[in-house]
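Chemist: Model the following, please.
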Amino acid sequence: MNLLILDVVIFVLIAISVLSMIRVIIGPTHEDRLIGLNLAVSQVLAILVITAVKFDRSIYLDVALVYAILGFLGILAIARYLGGQK
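Modeler: Here you go, the predicted model:
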């Protein structure tokens with residue numbers, strides 16, 4: 001039963017990630033695209049953590065940590081680039 005719940009949560013997060021990527025693609029402003037990208041990074045991070053719990057593999061947590069750091073730095077770089085255009 002526990003694995004079924006984790007599968008459902010992963011599926012829901014994937015569906016929401018797809019919606020976030022749609023926001024990135026069709027966002028009317030750069031800020032909307034940045035928020036959608038930040039949301040998608042957070043959701044993929046949650047999927048990695050839930051996968052680590054599901055399969056009882058700590059290596060996925062290491063990957064999630066690196067992904068979180070790189071995602072944060074990427075968002076900062078994009079925000080700085082967009083801030084310089086105004």
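Chemist: How about the spatially most central residue of the chain: what's its closest non-neighbour residue?
Modeler: By CA atoms, centre = their mean, the chain has its centre lying nearest to V41, at 2.0 Å. Nearest residue to V41 in three dimensions, chain neighbours excluded: G71, at 3.8 Å (CB to CB, 6 or more residues apart in numbering). No exception for glycine: its C-beta is placed from N, CA and C like everyone else's.
Chemist: if we can go back for a sec, so the residue nearest to the centre of the chain is in contact with L76, correct?
Modeler: No - applying CB atoms under 8 Å as the test, V41 and L76 come out as separate, 11.9 Å apart.
Chemist: in the chain, which spans are helices?
Modeler: 2-26, 30-55, 59-83 (DSSP state H).
Chemist: Mean pLDDT added to those helices, as TSV?
Modeler: Shown next, in TSV, are the helices of the chain (pLDDT from 0 to 100):
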stretch	mean pLDDT
helix 2-26	93
helix 30-55	92
helix 59-83	91
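Chemist: Quick check: which of these is buried the most?
Modeler: Neighbour counts (mean count of other CB atoms under 10 Å) averaged over each of these peak at helix 30-55, with a mean of 16.
Chemist: What is that helix packed up against?
Modeler: Helix 30-55 sits against helix 2-26, helix 59-83, with contacts defined as 3 or more CB pairs under 8 Å, 6 or more residues apart in numbering; DSSP states H and E.
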